[in-house]
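In: below are the sequence and a predicted model; questions follow.
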Amino acid sequence: MLKRLHYFFAMIIVTQLFSSCGNDDPSSSGGSWGAKADCPFYGSFAFVIGTKAYVKAGKLWEYDYTNDAWTDKGNAPLSQATGYFAFVIDGKAYLGVGDYASYYTREVWEYDPQLNKWTQKKDFPGTARGGVAGFAINGKGYFTGGDDSTPTPDNTPNGNLAEVWEYNPTLDEWIQKKDFPGGGRNGAVSFVIGNKGYIGTGYYVSKTNGLGSGNNLQDFWEYDPTTDTWVRKSDLPGESRSDATGFSIGNKGYIGTGFGISGYSGLNDWWEYDVAKNKWSQKKDFVNQGWDYFAFSIGQKGYLGGGGSTDLFEFKP
């Protein structure tokens, strides 16, 4: 099975290195980070429904930011999977595909927070894969990227996929769209601003590269689902990276952390993207270094956690 070398290492070592306590001064022009209640788990993926955040870590946990408190919501499917999509449509979350320790899955699940209930949907019809990036716009879900899990006779990597898929939850139906022009990748970052989706960074392995070799990326793209078109925007400054994290707050996007290729170490720089100006500006560094964090935003604040620890931090722009 195709795996990035550093991703494999991330399974056996702690990826965060504590660096500072952070500055919770909201008057700082670079934004501020402040510690919140520790997570009672080691989490992986997050989504927001209404004013509550949910993090899946074997079990599903609900975060109430008004009380800074976590609630155990019980067992969740895909408990051992990583690299799957997670998007929210009409008050329900959809999680699917992803890679396990020894195989990939095409399962898709729906979560209803009102009933605290998981319902399995039709399997994703394409090739099983992990390491995808997705988002939801106007009642439809989208994802691209991921490792190609198709076996090869000579056991060489198939590389990464550039397919784009759209999910209609009303019909429980998938439609393949035009390929992502940025090329196949895994470990990319995605978020939504307005009615456009944004995807950037990640890691690329081609069939000819060989297992564990490839390139980190720092390109950044905008997707318009009404025309099924992608436009390349300004590249993320700083170091190319994979397994970074991000979210949007209002009309601004944020990306940071990740696995940097120089020194093969975790990053903690933090960047803000202005859609109107198509411009990046550096904000206050995140307080830890690492990759594979979960992230979400509620209102005018963002949150980062996980990455090999139980820390949770709040970001104020």
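Out: It's in.
In: for the stretch 151-300 of the chain, which spans come out with low pLDDT?
Out: 151-158, 206-213, 262-264 (pLDDT under 70).
In: how much space is there between the residue at minimal distance from the centre of the chain and Thr201?
Out: Geometric centre of the chain, nearest residue: Val189, 5.1 Å, by C-alpha atoms, centre = their mean. Distance of Val189 to Thr201, given as C-beta to C-beta, to the nearest Å: 5 Å. For glycine as for every other residue, the C-beta is placed from the backbone atoms N, C-alpha and C.
In: just Asn278 next, same as before
Out: 17 Å.
In: same question for Phe45.
Out: For Phe45 relative to Thr201 (C-beta to C-beta), the value is 17 Å.
In: do a quick rundown of the strands in the stretch 101-250 of the chain.
Out: 108-112, 117-120, 132-137, 140-145, 164-168, 173-177, 189-193, 196-204, 215-224, 229-233, 241-242, 245-249 (DSSP state E, counting those that start in this stretch).
In: angles on the backbone of the residue nearest to Asn160 when sequence neighbours are not counted, please.
Out: Leaving aside its sequence neighbours, Asn160 sits nearest to Gly184 (C-beta to C-beta, 6 or more residues apart in numbering; 3.2 Å). Dihedral pair for Gly184: phi -70, psi 150, per degrees, to the nearest 10.
In: quick one, what contacts Gly184?
Out: Gly184 sits next to 145-146, 148, 159-162, 204 when contact means C-beta atoms under 8 Å, 6 or more residues apart in numbering.
In: what's the neighbour count on Lys177?
Out: 16 (other C-beta atoms under 10 Å).
In: right, and it touches Asp228 too?
Out: Yes: taking contacts as C-beta atoms under 8 Å, Lys177 lies within contact range of Asp228: 5.1 Å.
In: from Trp291, how far off is Trp271?
Out: Distance from Trp271 to Trp291, by C-beta to C-beta: 15 Å.
In: actually, Val164.
Out: 24 Å.
In: same check, this time on Lys252
Out: Counting by C-beta to C-beta - Lys252 and Trp291 are separated by 22 Å.
In: out of those two, which sits in the more crowded spot?
Out: Each of Lys252 and Trp291 has its neighbours counted (other C-beta under 10 Å); Trp291 has more, 24 against 17.
In: got the buried residues for the host helix or strand of Trp280?
Out: Using DSSP states H and E, Trp280 sits within strand 279-283. If you call a residue buried by 16 or more other C-beta atoms under 10 Å, then strand 279-283 has these buried ones: 280, 283.
In: adjacent strands (with direction) for the helix or strand following it?
Out: Downstream of strand 279-283, the next assigned helix or strand under DSSP H and E is strand 288-289. Strand 288-289 has the following sheet partners, assigned by DSSP bridges: strand 17-18 (antiparallel).
In: can you give me how far the helix or strand that the strand it pairs with is followed by is from the chain middle?
Out: Next helix or strand after strand 17-18 toward the C-terminus (DSSP H and E): strand 32-35. Averaged C-alpha coordinates place strand 32-35 at 21 Å from its chain's average position (C-alpha atoms, centre = their mean, to the nearest Å).
In: Arg129 is in contact with Gly96, isn't it?
Out: No: contact status for Arg129 versus Gly96: not in contact, 10.3 Å apart, counting by C-beta under 8 Å.
In: one step back: give the pairing partners of the strand holding Trp280; include direction for each.
Out: By DSSP bridges, strand 279-283 pairs with strand 270-274 (antiparallel).
In: per-residue confidence for the spatially closest residue to Ala37 that is not a sequence neighbour?
Out: Using C-beta to C-beta, 6+ apart and skipping the chain neighbours, the partner closest in space to Ala37 is Asp68 (4.7 Å). As predicted, Asp68 sits at a pLDDT of 98.
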